[in-house]
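>>> Sequence and predicted structure below; questions after.
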Amino acid sequence: MTSIQLETNIRFISETAVTIYVGQEISEENHEKVKALSTKLENDPFQGLIEVVPGFYSVTVHFDPLLVMRVKQQGETTSDYIRSFLTDSVKTIDLNKKIPVREIEIPVVYGGQYGPDLLEVAQFHQLTEEEVINLHSSKSYLVYMLGFAPGFPYLGGLSSKLTTPRRKKPRLRIKQGSVGIGGEQTGIYPIESPGGWQIIGQTPTSLFSPINHSPCLLQAGDRIRFKPITEEEFLLLKED
């Protein structure tokens, strides 16, 4: 069994939260550890666990200390109990056991009013707009984590030929569904918000709906592909 080695760091960041670091860099190897640990804690939680939040190379656990007090040993502190539980959980994780991966297709209309920075990105890399679209839509992207805004996916796998600095002056309004590039990553704005990423397209797919049982369409560990569509297809899908 290949398990997570305990150079793993466990750090309490408040009286109600602890972060477990499984590495020090963004990589698919560390993501597999994050996903395995998150799944383990969700399936086998300690009493008082409220939420498990995966990051790039860490997992943050939010808990209710009053509920933890009911199960810890006499003379044992809350932090000691949680540290011991997490240490034991890490030791029992088998990284060879594969967790099913969801594959999701995201339709995107590129350029024009939907992707106002497509031409700028193309010129920055001395490419045509069509070459940027082909490069961006030919990759499979890993959802490392959600953050910044509800349901915003930080995606790994962007071609190095498309690595583009963020805009010097962020926009105050970026439309819901906008697909952007920020440095070595690409992502999708699930709601209208300010932002500084280079916007190259827009998807009609809704990534966040607070009225749904599961508000976020995407989850850490998902794989997505972008599918280029026409403006007409975009409008039809948006209407649906």
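Looks like it arrived, so ask away. Numbering: from 1, shown residues only.
>>> tell me the SS of the spatially most central residue of the chain?
In the chain, the residue lying closest to the centroid (C-alpha atoms, centre = their mean) is Met145, at 1.9 Å. Following DSSP: H, G, I helix; E, B strand; the rest coil, Met145 is assigned to strand.
>>> now swap in Asn134 and tell me
helix.
>>> How much space separates Leu118 from Arg171?
15 Å (C-beta to C-beta, to the nearest Å). In short, each C-beta sits where N, CA and C put it, glycine included.
>>> So between those two, which is more surrounded?
For Leu118 versus Arg171, neighbours defined as other C-beta atoms under 10 Å are more numerous around Leu118 (23 against 16).
>>> So that one sits against Glu129, correct?
Yes - counting by C-beta atoms under 8 Å, Leu118 does reach Glu129; the two are 5.3 Å apart.
>>> Could you identify the helix or strand that succeeds the longest helix along the chain?
Using DSSP state H to define each element, the chain has its longest helix at helix 28-43. The helix or strand immediately downstream of helix 28-43 is strand 49-54, counting by DSSP states H and E.
>>> got a pLDDT number for the residue nearest to the centre of the chain?
Note for Met145: predicted pLDDT of 89.
>>> Pull the contacting residues for it.
Contact analysis of Met145 by C-beta atoms under 8 Å, 6 or more residues apart in numbering lists 54-56, 153-154, 220.
>>> and the gap between it and Glu130?
31 Å.
>>> do Pro45 as well
49 Å.
>>> higher neighbour count, these two?
The neighbour comparison of Pro45 against Glu130 (other C-beta under 10 Å) goes to Pro45, with 16 against 13.
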